[in-house]
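K.L.:
any chance you can model this:
(4 chains)
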Number of protein chains: 2
Amino acid sequence: MPPQTTLTGSSKPRGKLADADAPIDGPIDNLGTLKTFSRSAEIYGQNEPADRIYKVISGAVRTCRVLVNGRRQIGAFCLPGDLFGLEVRDEHTFSAEAVTELRVVVAKRSALIVLAENDSGSADQLWSLIGQELFRVQEQALLLGMTAPERIATFLLEMADRLQGGDCLELPMPRQDIADYLGLTIETVSRTFTGLERGLAIQMPTSRRIIIRNHASLDRLAHGRR
Amino acid sequence: MPPQTTLTGSSKPRGKLADADAPIDGPIDNLGTLKTFSRSAEIYGQNEPADRIYKVISGAVRTCRVLVNGRRQIGAFCLPGDLFGLEVRDEHTFSAEAVTELRVVVAKRSALIVLAENDSGSADQLWSLIGQELFRVQEQALLLGMTAPERIATFLLEMADRLQGGDCLELPMPRQDIADYLGLTIETVSRTFTGLERGLAIQMPTSRRIIIRNHASLDRLAHGRR
DNA sequence: CGGGCACTTGAGCTTTGTCAACACTCGTGG
DNA sequence: CCACGAGTGTTGACAAAGCTCAAGTGCCCG
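P.N.:
Numbering: from 1, shown residues only, chains lettered A, B, ... in the order given. As a prediction, this is how the structure comes out:
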(Lines give C-alpha, C1' and ligand atoms only; values in the text may rest on other atoms or scores of the structure.)
Protein backbone atom coordinates (compact mmCIF):
# COMPACT_ATOMS: atom_id res chain seq x y z
CA MET A 1 0.00 0.00 0.00
CA PRO A 2 1.29 3.46 -0.98
CA PRO A 3 2.16 6.29 1.41
CA GLN A 4 0.27 6.91 4.62
CA THR A 5 -1.89 9.82 3.73
CA THR A 6 -5.34 10.32 5.12
CA LEU A 7 -8.08 12.58 3.86
CA THR A 8 -9.39 14.72 6.69
CA GLY A 9 -8.53 12.28 9.40
CA SER A 10 -9.72 8.75 8.87
CA SER A 11 -9.82 6.41 11.80
CA LYS A 12 -7.21 4.19 10.19
CA PRO A 13 -4.01 3.70 12.15
CA ARG A 14 -1.47 6.34 11.35
CA GLY A 15 1.65 6.53 13.32
CA LYS A 16 3.05 9.97 13.75
CA LEU A 17 3.18 12.42 16.56
CA ALA A 18 0.86 15.36 16.13
CA ASP A 19 3.52 17.85 17.01
CA ALA A 20 6.08 16.21 14.77
CA ASP A 21 6.06 17.09 11.12
CA ALA A 22 4.39 14.72 8.72
CA PRO A 23 6.78 13.16 6.21
CA ILE A 24 6.74 14.45 2.68
CA ASP A 25 6.23 11.34 0.67
CA GLY A 26 2.88 11.21 -1.15
CA PRO A 27 2.09 12.08 -4.75
CA ILE A 28 0.81 15.44 -3.54
CA ASP A 29 4.07 16.34 -1.90
CA ASN A 30 6.14 15.97 -5.03
CA LEU A 31 3.87 18.34 -6.90
CA GLY A 32 3.27 20.81 -4.11
CA THR A 33 4.86 23.77 -2.41
CA LEU A 34 5.12 24.53 1.28
CA LYS A 35 2.95 27.28 2.72
CA THR A 36 2.34 28.62 6.23
CA PHE A 37 -0.71 30.17 7.88
CA SER A 38 -1.08 31.83 11.22
CA ARG A 39 -3.68 30.98 13.85
CA SER A 40 -7.29 31.60 12.66
CA ALA A 41 -6.23 32.40 9.10
CA GLU A 42 -8.61 31.28 6.36
CA ILE A 43 -7.05 28.84 3.94
CA TYR A 44 -10.00 28.89 1.59
CA GLY A 45 -13.61 29.98 1.82
CA GLN A 46 -16.94 28.26 1.36
CA ASN A 47 -18.02 28.33 -2.32
CA GLU A 48 -14.55 29.21 -3.55
CA PRO A 49 -13.34 27.12 -6.49
CA ALA A 50 -11.77 23.88 -5.25
CA ASP A 51 -8.68 24.00 -7.43
CA ARG A 52 -6.05 23.08 -4.85
CA ILE A 53 -5.53 20.33 -2.38
CA TYR A 54 -3.57 20.52 0.83
CA LYS A 55 -1.68 18.28 3.19
CA VAL A 56 -1.04 19.23 6.80
CA ILE A 57 2.64 19.14 7.73
CA SER A 58 2.34 20.65 11.19
CA GLY A 59 -0.47 22.26 13.14
CA ALA A 60 -4.21 21.68 12.76
CA VAL A 61 -7.03 22.74 10.47
CA ARG A 62 -10.78 22.93 10.90
CA THR A 63 -13.19 22.78 7.98
CA CYS A 64 -16.42 24.61 8.67
CA ARG A 65 -19.55 26.22 7.33
CA VAL A 66 -21.83 28.81 8.82
CA LEU A 67 -25.55 28.39 8.33
CA VAL A 68 -28.12 31.04 7.53
CA ASN A 69 -29.22 31.09 11.18
CA GLY A 70 -25.69 31.82 12.32
CA ARG A 71 -24.86 28.41 13.70
CA ARG A 72 -21.47 27.06 12.75
CA GLN A 73 -20.77 23.47 11.85
CA ILE A 74 -17.26 22.06 11.88
CA GLY A 75 -16.95 19.24 9.39
CA ALA A 76 -13.55 17.91 10.35
CA PHE A 77 -10.28 18.53 12.10
CA CYS A 78 -7.18 17.85 10.04
CA LEU A 79 -3.96 16.90 11.75
CA PRO A 80 -0.45 16.33 10.40
CA GLY A 81 -0.56 13.83 7.55
CA ASP A 82 -4.18 14.57 6.67
CA LEU A 83 -5.27 15.79 3.27
CA PHE A 84 -8.00 18.39 2.87
CA GLY A 85 -9.51 20.53 0.16
CA LEU A 86 -10.19 17.63 -2.18
CA GLU A 87 -13.75 17.94 -3.44
CA VAL A 88 -15.79 16.06 -5.96
CA ARG A 89 -17.76 19.15 -6.88
CA ASP A 90 -15.93 22.17 -8.21
CA GLU A 91 -16.62 24.40 -5.21
CA HIS A 92 -15.71 23.98 -1.58
CA THR A 93 -18.65 22.93 0.58
CA PHE A 94 -16.74 23.94 3.70
CA SER A 95 -14.19 26.63 4.35
CA ALA A 96 -10.86 25.76 5.97
CA GLU A 97 -9.14 27.67 8.76
CA ALA A 98 -5.91 27.24 10.66
CA VAL A 99 -6.61 26.17 14.24
CA THR A 100 -2.98 26.79 15.19
CA GLU A 101 0.14 28.00 13.48
CA LEU A 102 0.12 25.84 10.39
CA ARG A 103 2.33 24.45 7.69
CA VAL A 104 0.82 22.73 4.67
CA VAL A 105 1.86 21.46 1.27
CA VAL A 106 -0.34 22.80 -1.51
CA ALA A 107 -0.77 21.21 -4.93
CA LYS A 108 -2.90 22.04 -7.94
CA ARG A 109 -5.93 19.84 -8.24
CA SER A 110 -5.40 19.64 -11.98
CA ALA A 111 -1.98 18.09 -11.45
CA LEU A 112 -3.59 15.39 -9.34
CA ILE A 113 -6.22 14.69 -11.96
CA VAL A 114 -3.63 14.35 -14.69
CA LEU A 115 -1.66 12.05 -12.44
CA ALA A 116 -4.72 9.90 -11.80
CA GLU A 117 -5.55 9.65 -15.47
CA ASN A 118 -2.11 8.40 -16.42
CA ASP A 119 -1.32 6.31 -13.40
CA SER A 120 -3.92 3.79 -12.29
CA GLY A 121 -2.19 3.51 -8.91
CA SER A 122 -2.83 7.17 -8.22
CA ALA A 123 -6.40 6.79 -9.41
CA ASP A 124 -6.95 3.96 -6.95
CA GLN A 125 -5.47 6.10 -4.24
CA LEU A 126 -7.77 8.98 -5.08
CA TRP A 127 -10.72 6.63 -5.05
CA SER A 128 -9.76 5.23 -1.67
CA LEU A 129 -9.36 8.73 -0.26
CA ILE A 130 -12.91 9.58 -1.24
CA GLY A 131 -14.00 6.28 0.26
CA GLN A 132 -12.35 7.18 3.53
CA GLU A 133 -13.98 10.59 3.47
CA LEU A 134 -17.41 9.10 2.86
CA PHE A 135 -16.87 6.69 5.72
CA ARG A 136 -15.72 9.50 7.99
CA VAL A 137 -18.80 11.63 7.30
CA GLN A 138 -21.05 8.62 7.93
CA GLU A 139 -19.35 8.12 11.28
CA GLN A 140 -19.91 11.77 12.06
CA ALA A 141 -23.60 11.35 11.35
CA LEU A 142 -23.52 8.52 13.89
CA LEU A 143 -21.76 10.77 16.36
CA LEU A 144 -24.45 13.42 16.10
CA GLY A 145 -27.07 10.89 17.14
CA MET A 146 -25.40 10.17 20.46
CA THR A 147 -25.75 11.77 23.89
CA ALA A 148 -23.28 14.45 24.98
CA PRO A 149 -21.05 12.15 27.07
CA GLU A 150 -21.01 9.60 24.26
CA ARG A 151 -19.99 12.25 21.74
CA ILE A 152 -17.24 13.58 23.98
CA ALA A 153 -15.93 10.10 24.74
CA THR A 154 -15.90 9.20 21.04
CA PHE A 155 -14.17 12.46 20.23
CA LEU A 156 -11.49 11.93 22.85
CA LEU A 157 -10.80 8.39 21.71
CA GLU A 158 -10.58 9.54 18.11
CA MET A 159 -8.18 12.32 19.01
CA ALA A 160 -6.12 10.03 21.20
CA ASP A 161 -5.81 7.67 18.26
CA ARG A 162 -4.95 10.38 15.75
CA LEU A 163 -2.66 12.50 17.89
CA GLN A 164 -0.63 9.41 18.72
CA GLY A 165 0.47 10.67 22.09
CA GLY A 166 -0.65 7.49 23.79
CA ASP A 167 -3.18 8.29 26.47
CA CYS A 168 -1.93 11.82 26.89
CA LEU A 169 -3.28 14.32 24.41
CA GLU A 170 -2.78 18.00 23.77
CA LEU A 171 -5.91 19.30 22.06
CA PRO A 172 -5.05 21.92 19.45
CA MET A 173 -8.56 23.40 19.33
CA PRO A 174 -10.58 25.50 21.79
CA ARG A 175 -13.79 24.30 23.42
CA GLN A 176 -15.94 26.25 21.00
CA ASP A 177 -14.53 24.27 18.07
CA ILE A 178 -15.19 21.00 19.85
CA ALA A 179 -18.73 22.17 20.55
CA ASP A 180 -19.36 23.07 16.92
CA TYR A 181 -17.87 19.78 15.77
CA LEU A 182 -20.02 17.72 18.12
CA GLY A 183 -23.19 19.77 17.77
CA LEU A 184 -23.20 20.82 21.42
CA THR A 185 -22.82 24.11 23.27
CA ILE A 186 -19.53 25.12 24.77
CA GLU A 187 -21.04 24.84 28.24
CA THR A 188 -22.15 21.26 27.71
CA VAL A 189 -18.70 20.36 26.41
CA SER A 190 -17.09 21.94 29.43
CA ARG A 191 -19.43 20.30 31.90
CA THR A 192 -19.00 16.91 30.25
CA PHE A 193 -15.22 17.15 30.44
CA THR A 194 -15.53 18.02 34.10
CA GLY A 195 -17.92 15.13 34.61
CA LEU A 196 -15.50 12.69 33.00
CA GLU A 197 -12.74 13.98 35.21
CA ARG A 198 -14.90 13.58 38.34
CA GLY A 199 -15.71 10.05 37.18
CA LEU A 200 -11.96 9.43 36.89
CA ALA A 201 -12.15 8.55 33.20
CA ILE A 202 -9.79 11.41 32.34
CA GLN A 203 -7.56 13.96 33.99
CA MET A 204 -7.10 17.59 32.92
CA PRO A 205 -3.86 19.24 34.03
CA THR A 206 -4.85 22.16 31.81
CA SER A 207 -7.99 22.61 29.75
CA ARG A 208 -6.14 21.63 26.58
CA ARG A 209 -4.16 18.72 27.98
CA ILE A 210 -6.21 15.58 28.55
CA ILE A 211 -4.90 12.38 30.05
CA ILE A 212 -7.00 9.29 29.54
CA ARG A 213 -7.09 7.47 32.85
CA ASN A 214 -9.71 4.85 32.12
CA HIS A 215 -9.74 3.82 28.51
CA ALA A 216 -12.32 1.09 29.11
CA SER A 217 -14.89 3.40 30.59
CA LEU A 218 -14.55 5.82 27.67
CA ASP A 219 -14.93 2.88 25.30
CA ARG A 220 -18.06 1.76 27.08
CA LEU A 221 -19.46 5.28 26.83
CA ALA A 222 -18.52 5.71 23.18
CA HIS A 223 -19.93 2.40 22.06
CA GLY A 224 -22.12 0.01 24.01
CA ARG A 225 -24.42 0.51 26.92
CA ARG A 226 -23.84 2.91 29.80
CA MET B 1 -25.35 14.93 -19.30
CA PRO B 2 -26.16 11.22 -19.33
CA PRO B 3 -29.26 9.50 -17.88
CA GLN B 4 -31.07 10.77 -14.84
CA THR B 5 -29.91 8.42 -12.17
CA THR B 6 -29.34 9.44 -8.60
CA LEU B 7 -27.44 7.64 -5.91
CA THR B 8 -29.58 7.32 -2.84
CA GLY B 9 -31.64 10.39 -3.49
CA SER B 10 -29.70 13.50 -4.26
CA SER B 11 -31.44 16.83 -4.04
CA LYS B 12 -30.98 17.39 -7.76
CA PRO B 13 -34.14 17.82 -9.78
CA ARG B 14 -35.51 14.53 -10.97
CA GLY B 15 -38.81 14.49 -12.66
CA LYS B 16 -40.76 11.30 -12.15
CA LEU B 17 -43.69 10.36 -10.04
CA ALA B 18 -42.80 8.15 -7.11
CA ASP B 19 -45.52 5.69 -7.86
CA ALA B 20 -44.63 5.55 -11.52
CA ASP B 21 -41.88 3.23 -12.59
CA ALA B 22 -38.47 4.72 -13.19
CA PRO B 23 -37.29 4.43 -16.78
CA ILE B 24 -34.71 1.82 -17.65
CA ASP B 25 -32.03 3.81 -19.34
CA GLY B 26 -28.78 3.99 -17.39
CA PRO B 27 -25.64 1.89 -17.81
CA ILE B 28 -26.79 -0.21 -14.87
CA ASP B 29 -30.04 -1.09 -16.48
CA ASN B 30 -28.50 -2.60 -19.57
CA LEU B 31 -26.39 -4.91 -17.48
CA GLY B 32 -28.97 -5.72 -14.84
CA THR B 33 -31.91 -7.98 -14.19
CA LEU B 34 -35.25 -7.15 -12.61
CA LYS B 35 -35.92 -8.40 -9.10
CA THR B 36 -38.78 -7.95 -6.65
CA PHE B 37 -38.89 -7.84 -2.85
CA SER B 38 -41.83 -7.80 -0.51
CA ARG B 39 -42.38 -5.30 2.29
CA SER B 40 -39.66 -5.45 5.00
CA ALA B 41 -37.53 -7.93 3.08
CA GLU B 42 -33.78 -7.51 3.45
CA ILE B 43 -32.03 -6.81 0.17
CA TYR B 44 -28.57 -7.12 1.65
CA GLY B 45 -27.14 -7.07 5.14
CA GLN B 46 -24.59 -4.95 6.93
CA ASN B 47 -21.05 -6.29 6.38
CA GLU B 48 -22.09 -8.43 3.44
CA PRO B 49 -19.82 -8.14 0.39
CA ALA B 50 -20.86 -5.19 -1.75
CA ASP B 51 -20.74 -6.98 -5.09
CA ARG B 52 -23.98 -5.74 -6.58
CA ILE B 53 -25.59 -2.39 -7.18
CA TYR B 54 -29.30 -1.68 -7.40
CA LYS B 55 -31.66 0.79 -8.93
CA VAL B 56 -35.16 1.33 -7.63
CA ILE B 57 -37.85 0.90 -10.27
CA SER B 58 -40.89 1.12 -8.01
CA GLY B 59 -41.38 1.22 -4.28
CA ALA B 60 -38.96 2.48 -1.65
CA VAL B 61 -35.86 1.28 0.19
CA ARG B 62 -34.28 2.23 3.49
CA THR B 63 -30.59 1.71 4.23
CA CYS B 64 -29.91 1.19 7.91
CA ARG B 65 -27.57 -0.02 10.58
CA VAL B 66 -28.20 -1.06 14.13
CA LEU B 67 -25.75 0.03 16.78
CA VAL B 68 -24.40 -1.98 19.67
CA ASN B 69 -26.79 -0.23 22.04
CA GLY B 70 -29.77 -1.27 19.95
CA ARG B 71 -30.50 2.09 18.38
CA ARG B 72 -31.18 2.02 14.67
CA GLN B 73 -29.93 4.61 12.23
CA ILE B 74 -31.44 4.99 8.79
CA GLY B 75 -28.89 6.32 6.34
CA ALA B 76 -31.14 7.06 3.41
CA PHE B 77 -34.44 6.45 1.72
CA CYS B 78 -34.23 5.41 -1.91
CA LEU B 79 -37.09 6.18 -4.27
CA PRO B 80 -37.70 5.25 -7.90
CA GLY B 81 -34.70 6.25 -10.00
CA ASP B 82 -32.27 6.12 -7.08
CA LEU B 83 -29.23 3.87 -7.05
CA PHE B 84 -28.10 2.10 -3.92
CA GLY B 85 -25.62 -0.54 -2.86
CA LEU B 86 -22.65 1.17 -4.44
CA GLU B 87 -19.82 1.25 -1.92
CA VAL B 88 -16.23 2.33 -2.07
CA ARG B 89 -15.20 -0.27 0.46
CA ASP B 90 -15.83 -3.93 -0.27
CA GLU B 91 -18.45 -4.44 2.42
CA HIS B 92 -21.78 -2.75 2.97
CA THR B 93 -21.73 -0.20 5.78
CA PHE B 94 -25.53 -0.24 5.89
CA SER B 95 -28.06 -2.94 5.22
CA ALA B 96 -30.92 -2.31 2.78
CA GLU B 97 -34.57 -3.22 3.31
CA ALA B 98 -37.71 -2.84 1.26
CA VAL B 99 -39.99 -0.22 2.81
CA THR B 100 -42.82 -1.24 0.50
CA GLU B 101 -43.38 -3.79 -2.22
CA LEU B 102 -40.33 -3.21 -4.34
CA ARG B 103 -38.95 -3.69 -7.81
CA VAL B 104 -35.27 -3.08 -8.51
CA VAL B 105 -32.75 -3.67 -11.26
CA VAL B 106 -29.64 -5.47 -10.02
CA ALA B 107 -26.24 -5.42 -11.70
CA LYS B 108 -22.90 -6.91 -10.81
CA ARG B 109 -20.50 -4.38 -9.40
CA SER B 110 -17.69 -5.93 -11.41
CA ALA B 111 -19.55 -5.19 -14.63
CA LEU B 112 -19.75 -1.54 -13.61
CA ILE B 113 -16.08 -1.39 -12.84
CA VAL B 114 -15.15 -2.89 -16.17
CA LEU B 115 -17.44 -0.42 -17.86
CA ALA B 116 -15.83 2.48 -15.99
CA GLU B 117 -12.34 1.36 -16.91
CA ASN B 118 -13.08 1.20 -20.60
CA ASP B 119 -15.43 4.12 -20.93
CA SER B 120 -14.34 7.40 -19.41
CA GLY B 121 -17.93 8.68 -19.59
CA SER B 122 -19.04 5.92 -17.27
CA ALA B 123 -16.10 6.63 -15.00
CA ASP B 124 -17.11 10.27 -14.75
CA GLN B 125 -20.63 9.18 -13.98
CA LEU B 126 -19.43 6.87 -11.21
CA TRP B 127 -17.32 9.68 -9.81
CA SER B 128 -20.23 12.09 -9.84
CA LEU B 129 -22.45 9.53 -8.12
CA ILE B 130 -19.99 9.25 -5.26
CA GLY B 131 -19.80 13.02 -5.16
CA GLN B 132 -23.57 13.23 -4.82
CA GLU B 133 -23.50 10.64 -2.08
CA LEU B 134 -20.83 12.52 -0.16
CA PHE B 135 -22.85 15.70 -0.47
CA ARG B 136 -25.99 13.94 0.70
CA VAL B 137 -24.33 12.54 3.82
CA GLN B 138 -22.92 15.96 4.62
CA GLU B 139 -26.41 17.41 4.38
CA GLN B 140 -27.66 14.67 6.67
CA ALA B 141 -25.03 15.66 9.22
CA LEU B 142 -26.45 19.17 9.00
CA LEU B 143 -29.94 17.82 9.49
CA LEU B 144 -28.95 16.05 12.68
CA GLY B 145 -27.77 19.32 14.18
CA MET B 146 -31.19 20.95 13.84
CA THR B 147 -34.18 21.10 16.19
CA ALA B 148 -37.03 18.62 15.75
CA PRO B 149 -39.34 20.98 13.81
CA GLU B 150 -36.46 22.00 11.57
CA ARG B 151 -35.61 18.38 10.84
CA ILE B 152 -39.20 17.49 10.05
CA ALA B 153 -39.66 20.53 7.82
CA THR B 154 -36.45 19.74 5.96
CA PHE B 155 -37.50 16.13 5.59
CA LEU B 156 -40.92 17.05 4.22
CA LEU B 157 -39.47 19.50 1.72
CA GLU B 158 -36.94 16.91 0.59
CA MET B 159 -39.64 14.29 0.16
CA ALA B 160 -41.93 16.72 -1.61
CA ASP B 161 -39.12 17.44 -4.04
CA ARG B 162 -38.20 13.83 -4.58
CA LEU B 163 -41.67 12.31 -4.72
CA GLN B 164 -42.66 14.87 -7.36
CA GLY B 165 -46.29 14.91 -6.37
CA GLY B 166 -46.29 18.67 -6.08
CA ASP B 167 -47.36 19.73 -2.62
CA CYS B 168 -49.22 16.51 -1.97
CA LEU B 169 -47.10 13.61 -0.82
CA GLU B 170 -47.74 10.01 0.06
CA LEU B 171 -45.02 8.92 2.47
CA PRO B 172 -44.00 5.32 1.83
CA MET B 173 -42.41 4.83 5.25
CA PRO B 174 -43.86 4.52 8.77
CA ARG B 175 -43.21 7.06 11.53
CA GLN B 176 -40.58 4.86 13.13
CA ASP B 177 -38.47 5.00 9.97
CA ILE B 178 -38.76 8.77 9.85
CA ALA B 179 -37.75 8.93 13.51
CA ASP B 180 -34.68 6.75 12.94
CA TYR B 181 -33.73 8.78 9.88
CA LEU B 182 -34.00 12.10 11.71
CA GLY B 183 -32.55 10.92 15.00
CA LEU B 184 -35.78 11.55 16.91
CA THR B 185 -38.30 9.38 18.72
CA ILE B 186 -41.51 8.32 17.07
CA GLU B 187 -43.46 10.40 19.59
CA THR B 188 -41.57 13.56 18.77
CA VAL B 189 -42.10 12.96 15.07
CA SER B 190 -45.80 12.44 15.62
CA ARG B 191 -46.17 15.51 17.82
CA THR B 192 -44.22 17.67 15.40
CA PHE B 193 -46.44 16.61 12.49
CA THR B 194 -49.47 17.46 14.58
CA GLY B 195 -47.90 20.78 15.52
CA LEU B 196 -47.27 21.66 11.89
CA GLU B 197 -50.85 20.78 11.06
CA ARG B 198 -52.16 22.99 13.89
CA GLY B 199 -49.92 25.78 12.61
CA LEU B 200 -51.52 25.28 9.18
CA ALA B 201 -48.19 24.54 7.49
CA ILE B 202 -49.43 21.10 6.44
CA GLN B 203 -52.58 19.01 6.34
CA MET B 204 -52.81 15.27 7.07
CA PRO B 205 -55.84 13.52 5.56
CA THR B 206 -54.22 10.27 6.72
CA SER B 207 -51.01 9.76 8.62
CA ARG B 208 -49.16 8.84 5.44
CA ARG B 209 -50.62 11.50 3.18
CA ILE B 210 -49.24 14.97 3.75
CA ILE B 211 -50.36 18.09 1.94
CA ILE B 212 -48.09 21.09 2.15
CA ARG B 213 -50.29 24.12 2.77
CA ASN B 214 -47.66 26.72 3.52
CA HIS B 215 -44.45 26.10 1.67
CA ALA B 216 -42.90 29.37 2.87
CA SER B 217 -43.33 28.58 6.53
CA LEU B 218 -41.73 25.16 6.09
CA ASP B 219 -38.87 26.82 4.23
CA ARG B 220 -38.39 29.32 7.02
CA LEU B 221 -38.32 26.49 9.53
CA ALA B 222 -35.94 24.35 7.48
CA HIS B 223 -33.47 27.11 6.79
CA GLY B 224 -33.33 30.56 8.35
CA ARG B 225 -34.59 31.89 11.58
CA ARG B 226 -37.88 30.90 13.27
C1' DC C 1 -1.01 45.15 37.93
C1' DG C 2 -4.76 45.05 34.70
C1' DG C 3 -7.36 43.59 30.69
C1' DG C 4 -8.88 40.16 27.62
C1' DC C 5 -9.75 35.63 26.46
C1' DA C 6 -10.78 30.88 27.25
C1' DC C 7 -12.93 28.10 30.27
C1' DT C 8 -15.98 26.75 34.13
C1' DT C 9 -19.96 26.77 37.03
C1' DG C 10 -24.71 27.69 38.54
C1' DA C 11 -29.83 28.42 38.10
C1' DG C 12 -33.70 28.15 35.48
C1' DC C 13 -36.03 26.94 31.35
C1' DT C 14 -37.02 24.59 26.89
C1' DT C 15 -36.89 20.69 24.23
C1' DT C 16 -37.00 16.08 23.69
C1' DG C 17 -37.25 11.38 25.54
C1' DT C 18 -39.83 7.93 28.38
C1' DC C 19 -43.69 5.46 29.81
C1' DA C 20 -48.30 4.55 29.42
C1' DA C 21 -52.78 4.75 27.63
C1' DC C 22 -55.73 5.18 23.90
C1' DA C 23 -57.40 5.49 18.78
C1' DC C 24 -57.47 3.99 14.16
C1' DT C 25 -56.96 0.69 10.29
C1' DC C 26 -57.02 -3.49 8.22
C1' DG C 27 -57.13 -8.29 7.61
C1' DT C 28 -58.67 -12.74 9.56
C1' DG C 29 -61.61 -16.01 11.35
C1' DG C 30 -65.79 -17.08 13.93
C1' DC D 1 -71.22 -9.42 9.20
C1' DC D 2 -68.99 -8.55 13.20
C1' DA D 3 -65.39 -9.36 16.69
C1' DC D 4 -60.82 -9.63 17.46
C1' DG D 5 -55.94 -8.73 17.33
C1' DA D 6 -51.79 -6.92 15.42
C1' DG D 7 -49.62 -3.14 13.68
C1' DT D 8 -49.41 1.79 13.42
C1' DG D 9 -50.11 6.34 15.04
C1' DT D 10 -51.51 9.86 18.56
C1' DT D 11 -51.69 11.97 22.99
C1' DG D 12 -50.71 13.02 27.90
C1' DA D 13 -47.91 13.38 32.11
C1' DC D 14 -43.64 13.39 33.69
C1' DA D 15 -38.44 13.05 33.69
C1' DA D 16 -34.14 14.01 31.84
C1' DA D 17 -30.90 16.13 28.83
C1' DG D 18 -29.13 19.97 27.01
C1' DC D 19 -29.52 25.09 26.16
C1' DT D 20 -29.57 29.98 27.77
C1' DC D 21 -28.16 33.53 30.48
C1' DA D 22 -25.23 35.14 33.84
C1' DA D 23 -21.52 35.24 36.86
C1' DG D 24 -17.10 33.87 38.18
C1' DT D 25 -12.24 31.85 37.73
C1' DG D 26 -7.74 31.26 35.85
C1' DC D 27 -4.28 32.40 32.72
C1' DC D 28 -1.47 34.80 29.45
C1' DC D 29 0.53 38.90 27.92
C1' DG D 30 0.99 43.43 27.86
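K.L.:
and the residue nearest to the spatial centre of chain A, what pLDDT?
P.N.:
In chain A, the centroid-proximal residue (Cα atoms, centre = their mean) is A:Phe77; its distance is 2.5 Å. Note on A:Phe77: pLDDT of 98.
K.L.:
contacting residues around A:Ser95?
P.N.:
Taking Cβ atoms under 8 Å, 6 or more residues apart in numbering or on different chains, we find A:Ser95 in contact with A:Glu42, A:Ile43, A:Tyr44, A:Gly45, A:Gln46, A:Glu48, A:Thr63, A:Cys64, A:Arg65. C-beta: built from backbone N, CA, C; applies to glycine.
K.L.:
what about the residue lying closest to the fifth one once chain neighbours are set aside, distance to B:Leu218?
P.N.:
It refers to A:Gln46. Once flanking residues are discounted, A:Gln46 sits nearest to A:Ser95: 4.5 Å by Cβ to Cβ, 6 or more residues apart in numbering or on different chains. Using Cβ to Cβ, to the nearest Å, A:Ser95 is found at 28 Å from B:Leu218.
K.L.:
what about the closest residue to A:Arg109 other than its chain neighbours, how many neighbours?
P.N.:
Leaving aside its sequence neighbours, A:Arg109 sits nearest to A:Asp51 (Cβ to Cβ, 6+ apart; 5.0 Å). For A:Asp51, the count of nearby residues is 14 (other Cβ atoms under 10 Å in any protein chain shown).
K.L.:
which SS class is A:Ile43?
P.N.:
strand (DSSP: H, G, I helix; E, B strand; the rest coil).
K.L.:
burial of it, as a residue count?
P.N.:
23.
K.L.:
pull the contacting residues for the residue lying closest to it once chain neighbours are set aside.
P.N.:
What sits nearest to A:Ile43 in space, not counting adjacent residues and going by Cβ to Cβ, 6+ apart, is A:Ala96, at 4.1 Å. Going by Cβ under 8 Å, 6+ apart, A:Ala96 touches A:Glu42, A:Ile43, A:Tyr44, A:Tyr54, A:Val61, A:Arg62, A:Thr63, A:Cys64, A:Cys78, A:Phe84, A:Gly85.
K.L.:
picking up where we left off before, the residue nearest to the centre of chain A sits in which helix or strand?
P.N.:
A:Phe77 belongs to strand A:72-78 when assigned by DSSP states H and E.
K.L.:
helices and strands around that strand, which ones?
P.N.:
If you count contacts as 3 or more Cβ pairs under 8 Å, 6 or more residues apart in numbering or on different chains; DSSP states H and E, strand A:72-78 packs onto strand A:61-66, helix A:120-143, helix A:175-182, helix B:120-143.
K.L.:
if we can go back for a sec, wait, the residue nearest to A:Arg109 touches A:Ala107, no?
P.N.:
No: with contact defined as Cβ atoms under 8 Å, A:Asp51 does not reach A:Ala107; the gap is 10.2 Å.
K.L.:
model confidence over the helix or strand the residue nearest to A:Ile43 falls within, on average?
P.N.:
Using DSSP H and E, A:Ala96 maps to strand A:95-98. Across strand A:95-98, pLDDT averages out at 97.
K.L.:
so what's the gap between it and the chain middle?
P.N.:
Centroid separation for strand A:95-98 versus its chain: 11 Å, with Cα atoms, centre = their mean, to the nearest Å.
K.L.:
moving C-terminal of that strand, what's the next helix or strand?
P.N.:
Sequence-wise, the next helix or strand downstream of strand A:95-98 (DSSP H and E) is strand A:102-108.
K.L.:
just the buried ones from the contacts of A:Ala96?
P.N.:
By neighbour count, with 16 or more other Cβ atoms under 10 Å in any protein chain shown, the contacts of A:Ala96 hold A:Ile43, A:Tyr44, A:Tyr54, A:Val61, A:Arg62, A:Thr63, A:Cys64, A:Cys78, A:Phe84, A:Gly85 as buried.
K.L.:
shouldn't A:Ser217 be within a helix?
P.N.:
Yes: A:Ser217: assigned to a helix according to three-state DSSP.
K.L.:
what's the nearest residue to it if we skip its chain neighbours?
P.N.:
A:Ala201 (4.7 Å).
K.L.:
go on, A:Ala153?
P.N.:
Using Cβ to Cβ, 6+ apart, the nearest residue to A:Ala153 is A:Leu221, at 3.8 Å.
K.L.:
I'd say the one you found and A:Phe155 touch.
P.N.:
No: with contact defined as Cβ under 8 Å, A:Leu221 does not count as touching A:Phe155 (10.9 Å).
K.L.:
neighbour-wise, which of those two wins?
P.N.:
Counted by other Cβ under 10 Å, A:Leu221 and A:Phe155 do not tie: A:Leu221 has more neighbours, with 24 against 21.
K.L.:
now do the contacts for that one.
P.N.:
A:Leu221 neighbours (Cβ under 8 Å, 6+ apart): A:Pro149, A:Glu150, A:Ala153, A:Thr154, A:Ala201.
K.L.:
just A:Ser40 next, same as before
P.N.:
So A:Ser40 contacts A:Glu97, A:Ala98 (Cβ under 8 Å, 6+ apart).
K.L.:
repeat the analysis, applying 10 Å as the threshold.
P.N.:
By Cβ atoms under 10 Å, 6 or more residues apart in numbering or on different chains, the contact list for A:Ser40 reads A:Arg62, A:Glu97, A:Ala98, A:Val99, A:Thr100.
K.L.:
highest neighbour count among those?
P.N.:
Highest count within the contacts of A:Ser40 by other Cβ under 10 Å belongs to A:Arg62, 24 neighbours.
K.L.:
is that one in contact with A:Ala98, as I believe?
P.N.:
Yes: between A:Arg62 and A:Ala98 a contact is recorded at 8.3 Å, counting by Cβ atoms under 10 Å.
K.L.:
what's the overlap in contacts for these two?
P.N.:
Common neighbours of A:Arg62 and A:Ala98, counting by Cβ under 10 Å, 6+ apart, are A:Ser40, A:Ile43, A:Pro172.
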